[in-house]
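Enquirer: pasting the structure only:
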């Protein structure tokens, strides 16, 4: 036998043993990120054994359906790559279709990982690879022995409806299955009906949605699916430091940790982003040390007739509504904002720059330039909620991020005992984006539910959009003078600090110019 014939014979022995295939075909302890591994992770090996047990049993030709809900970083894309390689390598004319929640997920994460595992396998030369297909190089089998990357479309389901391969092997794989619509599930299910055919349907994902077909794999249709829910903390190789930080930040029983760590679905009816009990407690709380914080002025500018412009100020753990008005023109609104800036001398000013708010920002910049120039330590921010979040891993956009900061702040905050503020703070619902980022409900969607724009809530949230710099030398000197025990001590300290400031300025004037030689 030639070496190629020996390899073909060896791999054929693993047609019902995907774990054995993986241990044989991949360079464990030798190659790149496998150098520290003896084989698949424990949970991956459990899935591979489940496939083996099914194919070795009396129900071999009954479709095997496995759903895996998990936290982050467990290696599901790697397992997809291993399974696909095993399925193609141990059954001639095998057909595989893989899809994901979005084209971006499929093209940038799932498919590259699959290609990597095909490329590192002992039989890598058997396959031709393109951007959307892996096919056999065997003459006459190029189109019948193949794996396709398919982007789903509810209006074009032919790729899933035509998934037939009588007498051979079919594998359908969903990655990030929570966001794949029910119609695609139904079409796939209807296509997997071939007799005397090995059929394997695998659905992987973070359990971001509390409804939908992926959730039903663990509920309504749990009798049809072999199910596994994997806690990231139990998987070797996950970032335990990051996981612990999430637990400390959000609480182990929060929906965030349930989804991203524990592999559990969010609780039913918990789509409200800020809970009412948190806001109600803040309405009743009275804080006394808030003066130590910087004054942050925030302005949510009205966009429509039923919206209102809200000017508010947060100082430390206390928030105050300064003004709520309707029906003002851009110049009138800007004049109100400038008056508030002059009166309160804030350390940061944030104005909603979307829509007509952009005109207010321009007007303030133009007509209040002298005040802005005279207060270089003040941060003047034009806020755009649709901008990318600083923490793009956690939040869908900047608006969701500042609302997240407000939610955390409310745990110790003092807000006005105002039911309108509570309504605005508790009104928005949230979901998770295709990248599992926290995404706040759009204002237009709130209006469709019969709710007003959460102007008060947006104002409080925007106050977290400003980075406030540290104290200047002059500000620290003023604090020292204010803390002096009596008037004589204040006078002497003020005199000494003035002398020191004059000396600093004198030394600065004596420095040679930058181009001095």
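Expert: Alright, I've got the coordinates. Please read these numbers as outputs of a predicted model, since none were measured by experiment.
Enquirer: host element of the residue of the chain positioned farthest from its centre?
Expert: Within the chain, residue 488 marks the point farthest from the mean C-alpha position, 57.8 Å out by C-alpha atoms, centre = their mean. Residue 488 is part of helix 487-510, with elements assigned from DSSP states H and E.
Enquirer: so which elements touch that helix?
Expert: Contact analysis of helix 487-510 by 3 or more C-beta pairs under 8 Å, 6 or more residues apart in numbering; DSSP states H and E lists helix 473-482 as its packing neighbours. Using the backbone N, CA and C atoms, a C-beta is placed for each residue, glycine as well.
Enquirer: show the average pLDDT along the helix it packs on.
Expert: What helix 473-482 shows for mean pLDDT is 72.
Enquirer: quick check: the one residue sitting closest to the centre of the chain vs residue 208, distance?
Expert: Centrality entry for the chain: nearest residue to the mean C-alpha point is residue 437, 2.0 Å, by C-alpha atoms, centre = their mean. Going from residue 437 to residue 208 by C-beta to C-beta, to the nearest Å gives 10 Å.
Enquirer: same thing with residue 152?
Expert: Taking C-beta to C-beta, one finds residue 152 at 17 Å from residue 208.
Enquirer: give me the neighbour count for residue 346.
Expert: 24 (other C-beta atoms under 10 Å).
Enquirer: tell me the pLDDT of it.
Expert: At residue 346, pLDDT is 91.
Enquirer: show me the contacts for it.
Expert: Residue 346 is in contact with 294-297, 313, 378, counting by C-beta atoms under 8 Å, 6 or more residues apart in numbering.
Enquirer: if you set the cut-off to 10 Å instead, what comes out?
Expert: 294-298, 313-315, 340, 375, 378-380, 463, 466, 468 (C-beta atoms under 10 Å, 6 or more residues apart in numbering).
Enquirer: buried subset of the residues you listed as a ChimeraX selection?
Expert: Under the burial definition 16 or more other C-beta atoms under 10 Å, those of the contacts of residue 346 that qualify are selected in ChimeraX by:
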select :294,295,296,297,298,313,314,315,340,378,379,380,463,466
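Enquirer: what sits against residue 145?
Expert: 88, 91-96, 126-127, 134-138, 165, 168.
Enquirer: 8 Å instead, please
Expert: Taking C-beta under 8 Å, 6+ apart as the test, what residue 145 contacts is 88, 92-94, 135-136, 138.
Enquirer: what of residue 147?
Expert: 84, 88, 94-98, 114, 133-135.
Enquirer: ok, which pair from the residues you listed is furthest apart?
Expert: 95 and 114 (14.9 Å; C-beta to C-beta).
Enquirer: now residue 361: which helix or strand?
Expert: Going by DSSP H and E, residue 361 is in helix 357-367.
Enquirer: try residue 322
Expert: Using DSSP H and E, residue 322 falls in strand 318-325.
Enquirer: by contact count, what packs against that strand?
Expert: strand 309-315, helix 330-344, helix 455-462.
Enquirer: how about a cut-off of 7 Å?
Expert: strand 309-315, helix 330-344 (3 or more C-beta pairs under 7 Å, 6 or more residues apart in numbering; DSSP states H and E).
Enquirer: got the angle for the longest one vs strand 309-315?
Expert: Same thing as helix 330-344. 20 degrees (axes from the mean of the first three to the mean of the last three C-alpha atoms, to 10 degrees).
Enquirer: count the neighbours of residue 102 for me.
Expert: Quick note: residue 102 (other C-beta under 10 Å) scores 19 neighbours.
Enquirer: what about stretch 295-307, average pLDDT?
Expert: Rounded mean pLDDT across stretch 295-307 is 83.
Enquirer: sorry, back to before: and the residue nearest to the residue nearest to the centre of the chain when sequence neighbours are not counted, what does it touch?
Expert: Closest residue in space to residue 437, ignoring its immediate chain neighbours: residue 396 at 4.2 Å, by C-beta to C-beta, 6 or more residues apart in numbering. Going by C-beta atoms under 7 Å, 6 or more residues apart in numbering, residue 396 touches 389, 433, 437-439.
Enquirer: same thing but 6 Å
Expert: 433, 437, 439 (C-beta atoms under 6 Å, 6 or more residues apart in numbering).
Enquirer: so of those, which ones are in strands?
Expert: residue 439 (DSSP state E).
Enquirer: of the contacts of residue 145, which is the most crowded?
Expert: residue 88 (26 neighbours).
Enquirer: which non-adjacent residue is nearest that one?
Expert: Residue 88's closest residue in space is residue 94 (C-beta to C-beta, 6+ apart), at 5.1 Å.
Enquirer: thought the one you found was touching residue 86?
Expert: No - assessed by C-beta atoms under 6 Å, residue 94 is found out of contact with residue 86, at 9.7 Å.
Enquirer: what's opposite the closest residue to residue 133 other than its chain neighbours in the beta bridge?
Expert: Nearest residue to residue 133, sequence neighbours excluded (C-beta to C-beta, 6+ apart): residue 148, at 5.5 Å. Listed by DSSP bridges, the beta-bridge partners for residue 148 are residue 97, residue 133.
Enquirer: neighbours of residue 148, how many?
Expert: Neighbour tally, residue 148, other C-beta under 10 Å: 16.
Enquirer: measure it to residue 158 for me?
Expert: Distance from residue 148 to residue 158, by C-beta to C-beta: 12 Å.
Enquirer: state the distance from residue 391 to residue 401.
Expert: For residue 391 relative to residue 401 (C-beta to C-beta), the value is 6 Å.
Enquirer: actually residue 308, not the one I typed
Expert: 24 Å.
Enquirer: tell me which element residue 43 is part of?
Expert: helix 42-55.
Enquirer: who's in contact with whatever helix or strand comes next after that helix?
Expert: Note on helix 42-55: by DSSP H and E, the next helix or strand toward the C-terminus is strand 64-70. Under the criterion C-beta under 6 Å, 6+ apart, residues 54, 200-204, 207, 217, 224-230, 263 lie in contact with strand 64-70.
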